[in-house]
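Peer 1: Fold the following, please.
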Amino acid sequence: GAVCSDARSPSVRIRVYDPPKSSAQYGFALERPFLVLDGIYLNSDGMRTLDGFEQEVNQIGLIQILSELGYTPVLVQFSETVTRNLEDNATDFSRLLHFLNENSLFNFVNRQDGFVVMGISQGGILGRYGAYLYSRTHSKTSAPIRLYASLDSPHQGAVLPLSLYYTINFWAKEGGSAEA
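Peer 2: Predicted coordinates for the structure are as follows:
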């Protein structure tokens, strides 16, 4: 997959996998886009990459499964998930959805079929709110949000022992609180 970026939302990175060929400037089309949003990355260097996210989703074969089902997999990652607030990232995701609809760099085949959005962990929260913001402002000819799903997303707060462990470990090692 190739990395794409939009100057209007530099805090969002995407990678599109196995899209159909087209005559558009980038040479591909979106057909049944299935957007997978990355979750929170607790590390003070903030250097989570699309390659790392891709390795994680490939461990379960998600990209291959989506491609075999006729979707165009699109990995979505936010450059900052710890210090940047949720509303800003969700707004940037909404802008990304508008960009995917309105650009001339690639074609959007069967736009009326809409987007499928799946968020993992914090990505589920960002996807839900970003999809809501997008739905409030998109035109009738724009692609709708056809389906939204989340995986291990703390919509009403989180009580997850593993996430608690990683949070404490993060603050103890890198956040300056050895007492944690």
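Peer 1: Can I take it that residue 55 is in a strand?
Peer 2: No. Counting by DSSP: H, G, I helix; E, B strand; the rest coil, residue 55 is not found in a strand; it is helix.
Peer 1: per-residue confidence for it?
Peer 2: For residue 55, the pLDDT comes out at 91.
Peer 1: can you check residue 176 too?
Peer 2: We have a pLDDT of 60 for residue 176.
Peer 1: so residue 91 sits right up against residue 132, yeah?
Peer 2: No. Using Cβ atoms under 8 Å, residue 91 is not in contact with residue 132; the gap is 10.9 Å. Every C-beta, even on glycine, is put in place using the N, C-alpha and C of the backbone.
Peer 1: quick one: which of those two has more around it?
Peer 2: residue 91 (18 against 13; other Cβ atoms under 10 Å).
Peer 1: Helices of the protein, start to end?
Peer 2: 50-59, 62-68, 86-102, 122-137, 161-173 (DSSP state H).
Peer 1: Output the below-cut-off pLDDT ranges for the protein.
Peer 2: 1-10, 43-47, 157-165, 175-180 (pLDDT under 70).
Peer 1: do that again at 50, thanks
Peer 2: Applying pLDDT under 50 to the chain flags residues 2, 5-7, 180.
Peer 1: so how many other residues sit close to the residue lying closest to residue 42 once chain neighbours are set aside?
Peer 2: Closest residue to residue 42 apart from its sequence neighbours, by Cβ to Cβ, 6 or more residues apart in numbering: residue 170 at 4.3 Å. Burial of residue 170 is recorded as 16 neighbouring residues (other Cβ under 10 Å).
Peer 1: any idea how far residue 170 lies from residue 79?
Peer 2: The spacing between residue 170 and residue 79, counted by Cβ to Cβ, to the nearest Å, is 18 Å.
Peer 1: And for residue 156?
Peer 2: Distance, residue 156 to residue 79, by Cβ to Cβ: 27 Å.
Peer 1: who has more neighbours, the two?
Peer 2: Legend: neighbour count by other Cβ under 10 Å for residue 156 and residue 79, higher for residue 79 (17 against 6).
Peer 1: pretty sure that one contacts residue 11?
Peer 2: Yes. Taking contacts as Cβ under 8 Å, residue 79 lies within contact range of residue 11: 4.7 Å.
Peer 1: Only alpha carbons, please: show stretch 94-113 as PDB.
Peer 2: Extracted in PDB, the C-alpha atoms of stretch 94-113 (Å, rounded to 0.1, in the frame of the first residue of the first chain):
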ATOM      1  CA  SER A  94     -14.200  13.800   9.400                       C
ATOM      2  CA  ARG A  95     -12.000  16.000   7.100                       C
ATOM      3  CA  LEU A  96     -10.300  12.900   5.700                       C
ATOM      4  CA  LEU A  97     -13.700  11.400   4.800                       C
ATOM      5  CA  HIS A  98     -14.600  14.700   3.000                       C
ATOM      6  CA  PHE A  99     -11.300  14.600   1.200                       C
ATOM      7  CA  LEU A 100     -11.800  11.000   0.100                       C
ATOM      8  CA  ASN A 101     -15.200  12.100  -1.300                       C
ATOM      9  CA  GLU A 102     -14.200  15.400  -3.000                       C
ATOM     10  CA  ASN A 103     -10.700  15.000  -4.400                       C
ATOM     11  CA  SER A 104      -9.700  14.500  -8.000                       C
ATOM     12  CA  LEU A 105      -6.500  12.600  -7.300                       C
ATOM     13  CA  PHE A 106      -8.300   9.200  -7.400                       C
ATOM     14  CA  ASN A 107     -11.700   7.900  -8.300                       C
ATOM     15  CA  PHE A 108     -14.400   6.800  -5.900                       C
ATOM     16  CA  VAL A 109     -16.200   3.900  -7.600                       C
ATOM     17  CA  ASN A 110     -19.800   3.200  -6.400                       C
ATOM     18  CA  ARG A 111     -19.800   6.200  -4.000                       C
ATOM     19  CA  GLN A 112     -23.400   5.400  -3.000                       C
ATOM     20  CA  ASP A 113     -22.200   2.200  -1.300                       C
END
